[in-house]
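Undergrad: Quick check, what structure comes out for this input:
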Amino acid sequence: MLAWNDYRKALFRRIGEMAALSPDTVKGYQTLSGAGQKTNHLDAKTRELIALAVAVTTRCDGCITVHTAEALKQGASKEEISEALGVAVALNAGAALVYSARVLDAVEAVQLGS
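TA: Residues are numbered from 1 along each chain as shown. So this is what the prediction gives:
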């Protein structure tokens, strides 16, 4: 497993380097990242729980370490985080099922020559 706290610190350093090299890229990301806070239809904890589920589905370790710390800071419990992760697991399984149907469709197309 990763040393998550050390990884998060190292990641922030590298992102700082990226900001120096390509400031508009990082500013653009920050604009996208902060957009939900401006509408405030979801509270910060809910946004972080969604971010964790998405982080799992996109396999983003950086997202995991940043949003885990922020979810806990926003008051998310281990149980709430686990439930959000359960949604990610279900969606990944659902996506695998949908793409399995696509494979079967491709098999049929090859067999029929269409």
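Undergrad: center of this structure, which residue is that?
TA: Centroid-nearest residue in the chain: residue 55, 2.0 Å away (criterion: Cα atoms, centre = their mean).
Undergrad: Now that one. Nearest residue, chain neighbours left out?
TA: residue 63 (3.6 Å; Cβ to Cβ, 6 or more residues apart in numbering). Glycine gets a C-beta too; all of them are placed from N, C-alpha and C.
Undergrad: So what's the residue count around the one you found?
TA: Residue 63: 16 surrounding residues under other Cβ atoms under 10 Å.
Undergrad: can I assume it is in contact with residue 54?
TA: Yes. Under the criterion of Cβ atoms under 8 Å, residue 63 makes contact with residue 54 at 7.3 Å.
Undergrad: buried sites along the stretch of helix or strand residue 86 belongs to?
TA: Under the criterion of DSSP states H and E, residue 86 resides in helix 78-112. Going by neighbour count (16 or more other Cβ atoms under 10 Å), the buried part of helix 78-112 is 80, 81, 84, 87, 88.
Undergrad: List the contacts of the last one.
TA: Same thing as residue 88. Residue 88 is in contact with 52, 53, 54, 56, 57, counting by Cβ atoms under 8 Å, 6 or more residues apart in numbering.
Undergrad: measure it to residue 25 for me?
TA: Noted for residue 88: a distance of 27 Å to residue 25, by Cβ to Cβ, to the nearest Å.
Undergrad: Output the buried residues of helix 78-112 in JSON lines, with distance to residue 19 and pLDDT appended to each entry.
TA: Shown next, in JSON lines, are these (distance: Cβ to Cβ, whole Å; pLDDT from 0 to 100):
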{"residue": "80", "distance to residue 19": "32", "pLDDT": "98"}
{"residue": "81", "distance to residue 19": "29", "pLDDT": "97"}
{"residue": "84", "distance to residue 19": "29", "pLDDT": "97"}
{"residue": "87", "distance to residue 19": "32", "pLDDT": "96"}
{"residue": "88", "distance to residue 19": "29", "pLDDT": "96"}
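Undergrad: Just name the closest of those to residue 33, please.
TA: Nearest to residue 33 among these, counting by Cβ to Cβ, is residue 84 at 18.1 Å.
Undergrad: quick one: that closest one and residue 54 touch, right?
TA: No. Shown here, residue 84 and residue 54 do not form a contact pair, counting by Cβ under 8 Å, at 9.6 Å.
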